[in-house]
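A.B. asks: Provide a 3D model corresponding to the input given below.
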Amino acid sequence: MPIIGHIISHTHWDREWFLTSKYTAEWLVPFFNSLLTMLDQYSQYCFVLDGQTIMIEDYLDQLPPSERSQSQKKIKQYVGQSRLQVGPYYLQPDWRLVSGESLVRNILLGHKTANKLGNV
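C.D. replies: Numbers count the residues shown, from 1 in each chain. The predicted structure follows:
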């Protein structure tokens with residue numbers, strides 16, 4: 001019986017774990033540019049973001065207005081095709097430091113944001 005293995009292309013992004021979000025947001029442009037290039041070039045390629053949608057907002061905020069619309073369109077296209085998995089959270093929660101209420105609101109906002117992109 002053959003063994004089947006799956007490789008899940010994904011990322012884990014800590015917005016403000018050891019550096020400020022202003023600093024880490026600078027990494028998002030090369031990351032997303034490479035990711036969108038991979039999705040453009042390889043029709044079977046899929047990618048899983050780490051469960052939060054705020055990194056997409058941070059990425060788009062880093063772009064000049066002339067590039068923002070095109071990148072957002074591509075992200076929506078790949079999310080709609082389920083080739084780019086986003087959500088369900090808005091931002092990465094620290095389960096030990098927040099209340100249940102904030103976790104619920106976080107996931108509700110994440111679902112709302114991901115649905116605007118095409119899919120949770």
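A.B. asks: how about the helices in the protein?
C.D. replies: Listed in chain order, the helices found in the chain under DSSP state H are 21-25, 28-41, 54-62, 65-80, 100-117.
A.B. asks: winner for burial among these?
C.D. replies: Here the criterion is mean neighbour count by mean count of other C-beta atoms under 10 Å, and of these the winner is helix 54-62, at a mean of 19. Placement of C-beta: from N, CA and C, glycine included.
A.B. asks: between that one and helix 28-41, how many degrees?
C.D. replies: Taking axes from the mean of the first three to the mean of the last three C-alpha atoms, to 10 degrees, one finds that helix 54-62 is oriented at 100 degrees with respect to helix 28-41.
A.B. asks: Helix 54-62 - contacts with which helices or strands?
C.D. replies: In terms of contact count using 3 or more C-beta pairs under 8 Å, 6 or more residues apart in numbering; DSSP states H and E, helix 54-62 is assigned the packing partners helix 21-25, helix 28-41, helix 65-80, helix 100-117.
A.B. asks: contacting residues for the most centrally placed residue in the chain?
C.D. replies: Among the residues of the chain, the smallest C-alpha distance to the mean C-alpha position (C-alpha atoms, centre = their mean) belongs to residue 49, namely 4.3 Å. Shown in contact with residue 49 (C-beta atoms under 8 Å, 6 or more residues apart in numbering): 10, 11, 13, 55, 56, 84, 85, 86.
A.B. asks: do you know how far it is from residue 106?
C.D. replies: According to C-beta to C-beta, to the nearest Å, residue 49 stands 15 Å off from residue 106.
A.B. asks: Residue 97 now?
C.D. replies: Counting by C-beta to C-beta, the gap between residue 97 and residue 106 amounts to 12 Å.
A.B. asks: Equivalent analysis for residue 44, please.
C.D. replies: Here residue 44 is placed at a distance of 32 Å from residue 106 (C-beta to C-beta).
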